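Asks: My questions are about this predicted structure, shown below with the sequence.
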Amino acid sequence: MIPRSPVPPAKRSPPQVGWQPPRPPSQRPEPQFIPPPRRRRWLDRWGWYEPRLDPMHTTTRQAEALNLALSSPPTSYRGLIVGTDLLSGQLVTHDPFVSYEDKLISSPNAAVIGDVGKGKSSLLKTWACTRQLLLDNRRVVVLDKKLQAGVGEYTALARFLGAPSIRFTVDGRGSRLNLLDPVIALGDDQAVDLEADTGGGLARPTGQMMLLRAVLAEALGRPVSEREGKALRLALVSATQDAHNRARVPVISDIVHHLLHPSDDQARVLDRRVRELQDWGLDPAFALERMIEEDLAGLVDAETSRDVHLDHPSGFTHFDISALPLDGPALRVVMTLINTWQANMLARRSGEGQQTVNVVEEGWHVAEGSVGAIFRRNVKLARGLGLATIAGFHHISDLPPDSPARSLLQEAETVFVYGQGSQDDAEACVELYNLPAGTEETIMALEQGTCLLKVGRRDPILLRHERSQREIALTDTDDALTGISARVAA
């Protein structure tokens with residue numbers, strides 16, 4: 001039997017109804033196999049060959065929940081990074097000089113307020129110090145009052161930046177600031193004539209005579225009388241001329257000498273006897289002598305030390321005043337001398353466009369007494385000097401409403417309010433800076449590292465301060481317990 005190959009069944013055409021026109025023969029070519037294109041790695045890297053998902057059809061009404069509104073940034077992008085807004089999760093940037101340029105504030109001064117251990121020092125060391133030095137024409141001067149491991153708290157930061165720590169003590173082993181140094185009174189690093197024009201009728205920072213009167217008022221414990229002031233001016237002129245003839249800088253002991261020994265020429269000009277001029281200067285002479293031998297011993301009784309300067313190449317200047325006693329005038333006098341020197345130097349260099357940040361830990365120290373009035377006067381000239389003073393405070397409720405420290409706080413238009421454990425302190429912050437009602441509870445509930453930032457008249461921002469790992473190590477204040485600073489240099 002011969003096998004037969006199966007014959008495929010013939011295709012049946014669909015039934016035709018009626019007459020149909022003839023169809024031309026098909027011109028379609030025979031299908032050919034084409035190999036797939038070579039897979040490119042760079043296209044593969046960009047997901048070119050990934051399977052495409054089928055879209056899902058929807059309507060505007062159904063999909064409107066997927067397009068949520070975005071909150072605007074809490075601050076401008078111009079400035080230095082401070083932290084994160086806890087309400088929106090966006091970055092918070094602020095710089096007092098930039099905000100002044102943008103007309104958000106009228107004063108570049110700032111205040112940092114809060115209990116101990118809430119994170120004030122971390123903010124001051126990062127935002128007010130190291131981050132400021134990232135910008136051109138910025139300098140930072142720190143008055144460091146907080147003691148840590150036997151030295152100032154900012155010593156480790158100064159060492160990290162390669163800047164020296166200028167330390168003041170009352171035992172004569174520290175640095176000295178000459179009250180009569182023309183560099184401090186005129187703000188120049190070069191010797192200049194005391195009679196030189198320093199700006200005509202423009203408002204200028206404190207000079208030698210005003211500083212001397214303030215220190216004398218501290219020594220006397222009362223205002224300086226007119227006759228005592230006249231005797232002091234005569235002694236200053238004589239001491240300056242005498243020191244110039246001897247090719248040196250006058251010191252405070254020269255003032256004491258000329259108060260006790262007025263010249264015949266001075267008495268003749270005033271038509272007074274020498275004995276009478278001597279009586280005018282007895283109390284000032286004895287008060288200044290006691291001050292430089294007791295309260296200010298080793299601080300202002302000699303020429304300025306060579307290591308004291310404001311122009312370190314790193315841009316960072318650290319004055320360690322942690323060893324000065326809280327009681328007595330030593331702390332206020334030294335801080336005011338530094339501030340006056342800085343203000344006068346900036347006044348002479350105002351055309352250079354340099355901006356300086358002055359950080360003051362424990363700011364309430366500089367606000368008291370007659371020397372505190374000079375410090376506050378220099379702070380009010382900040383706009384013309386390119387100087388921003390950032391001061392740290394603990395408890396506002398401890399300051400009387402008419403106290404000089406409150407006046408210093410009111411000058412600040414950038415305020416960081418950290419946690420306060422006392423209801424009175426929280427209410428004082430709300431009242432002083434016109435915060436919204438009910439903010440007291442928020443202030444008392446703030447955790448470590450979080451604060452309220454108020455810039456000008458804008459609403460406060462709930463802020464978490466952000467730090468890098470290096471900044472965390474540099475700002476640690478528990479070195480005595482953890483020894484973490486030993487790992488900073490590693």
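Replies: Happy to help now that I have it. Residues are numbered from 1 along each chain as shown.

Asks: residue boundaries of the strands in this structure?
Replies: Counting by DSSP state E, the chain has strands at residues 80-85, 91-94, 110-113, 138-144, 147-148, 151-152, 165-167, 316-320, 355-360, 387-393, 414-417, 450-455, 461-465.

Asks: Would you format the ones you listed as CSV with distance to Ala297 included?
Replies: C-beta coordinates here come from the backbone N, C-alpha and C atoms, glycine included. Shown next, in CSV, are the strands of the chain (distance: least, CB to CB, whole Å):
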stretch, distance to Ala297
strand 80-85, 41
strand 91-94, 43
strand 110-113, 33
strand 138-144, 20
strand 147-148, 20
strand 151-152, 20
strand 165-167, 16
strand 316-320, 18
strand 355-360, 24
strand 387-393, 28
strand 414-417, 37
strand 450-455, 40
strand 461-465, 41
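
Asks: Tell me the pLDDT of Val359.
Replies: Note for Val359: predicted pLDDT of 91.

Asks: what's the burial count for it?
Replies: For Val359, the count of nearby residues is 24 (other CB atoms under 10 Å).

Asks: contacting residues for it?
Replies: For Val359, the contact set (CB atoms under 8 Å, 6 or more residues apart in numbering) comprises Leu124, Ala128, Cys129, Val140, Val141, Val142, Leu143, Ile390, Ala391.

Asks: just curious, which of those is nearest to Thr356?
Replies: Of all the contacts of Val359, Thr356 sits closest to Val141, with 6.4 Å by CB to CB.

Asks: Quick check: closest non-adjacent residue to the closest one.
Replies: Once flanking residues are discounted, Val141 sits nearest to Thr317: 4.6 Å by CB to CB, 6 or more residues apart in numbering.

Asks: Who are the contact partners of that neighbour?
Replies: Thr317 sits next to Arg139, Val140, Val141, Val142, Ala163, Ile166, His309, Leu310 when contact means CB under 8 Å, 6+ apart.

Asks: before we move on, what about Asp181?
Replies: Going by CB under 8 Å, 6+ apart, Asp181 touches Val249, Glu303, Thr304.

Asks: again with Gln90
Replies: Per CB under 8 Å, 6+ apart, neighbours of Gln90: Ser71, Pro73, Pro74, Thr84.

Asks: how much space between Ile105 and Pro96?
Replies: For Ile105, the distance to Pro96 equals 7 Å [CB to CB, to the nearest Å].

Asks: These two: which is more packed in?
Replies: Pro96 (27 against 22).

Asks: State the pLDDT value of Gly201.
Replies: Note on Gly201: pLDDT of 38.

Asks: no wait, Leu186
Replies: Per-residue pLDDT puts Leu186 at 63.

Asks: quick one, helices of the stretch 1-150 of the chain?
Replies: 41-45, 60-63, 96-101, 120-125 (DSSP state H, counting those that start in this stretch).

Asks: Over to the stretch 351-490 of the chain?
Replies: 369-380, 382-385, 404-410, 423-432, 439-444, 469-474, 479-482.

Asks: which of those helices sits most buried?
Replies: When you average the neighbours per residue for each of the helices of the stretch 351-490 of the chain (mean count of other CB atoms under 10 Å), helix 369-380 leads with a mean of 22.

Asks: Relative to Ala63, which of the helices of the stretch 351-490 of the chain is closest?
Replies: Using CB to CB, the nearest of the helices of the stretch 351-490 of the chain to Ala63 is helix 439-444, at 37.0 Å.

Asks: for that closest one, packing partners?
Replies: In terms of contacts (3 or more CB pairs under 8 Å, 6 or more residues apart in numbering; DSSP states H and E), helix 439-444 is packed against helix 423-432, strand 450-455.

Asks: Those: lowest mean pLDDT?
Replies: In terms of mean pLDDT, the lowest-scoring of those is helix 423-432 (a mean of 90).

Asks: what separates it from the chain centre, distance-wise?
Replies: 23 Å (CA atoms, centre = their mean, to the nearest Å).

Asks: For that helix, give me every contacting residue.
Replies: Here helix 423-432 has contacts from 113, 115, 395-397, 406, 409-410, 417, 420, 435, 437, 439-441, 443-444, using CB under 8 Å, 6+ apart.

Asks: go again using 6 Å as the cut-off
Replies: With CB atoms under 6 Å, 6 or more residues apart in numbering as the test, helix 423-432 has contacts from His395, Ile396, Ser397, Val417, Gln420, Thr439, Glu440, Ile443, Met444.

Asks: By pLDDT, give me the weakest of those.
Replies: Ser397 (79).

Asks: mind checking how far the closest residue to that one other than its chain neighbours is from Val274?
Replies: Nearest residue to Ser397, sequence neighbours excluded (CB to CB, 6+ apart): Asp424, at 4.1 Å. Remark: distance between Asp424 and Val274 (CB to CB) = 58 Å.

Asks: Same question for Ala287.
Replies: 21 Å.

Asks: And for Thr439?
Replies: Distance check for Thr439 against Val274: by CB to CB, it reads 65 Å.

Asks: Over to Gly328?
Replies: 34 Å.

Asks: now do Arg167
Replies: Computed with CB to CB, the distance linking Arg167 and Val274 is 43 Å.

Asks: Neighbour count for the two, which is higher?
Replies: The residue with more neighbours, out of Arg167 and Val274, is Arg167; 20 against 14, by other CB under 10 Å.

Asks: Please report the distance of the closest residue in space to the more buried one that isn't next to it in sequence from Arg349.
Replies: Nearest residue to Arg167 in three dimensions, chain neighbours excluded: Asp320, at 4.1 Å (CB to CB, 6+ apart). Distance of Asp320 to Arg349, computed by CB to CB: 25 Å.

Asks: between the two, who's got more neighbours?
Replies: Using other CB under 10 Å as the criterion, Asp320 and Arg349 rank with Asp320 on top: 26 against 15.
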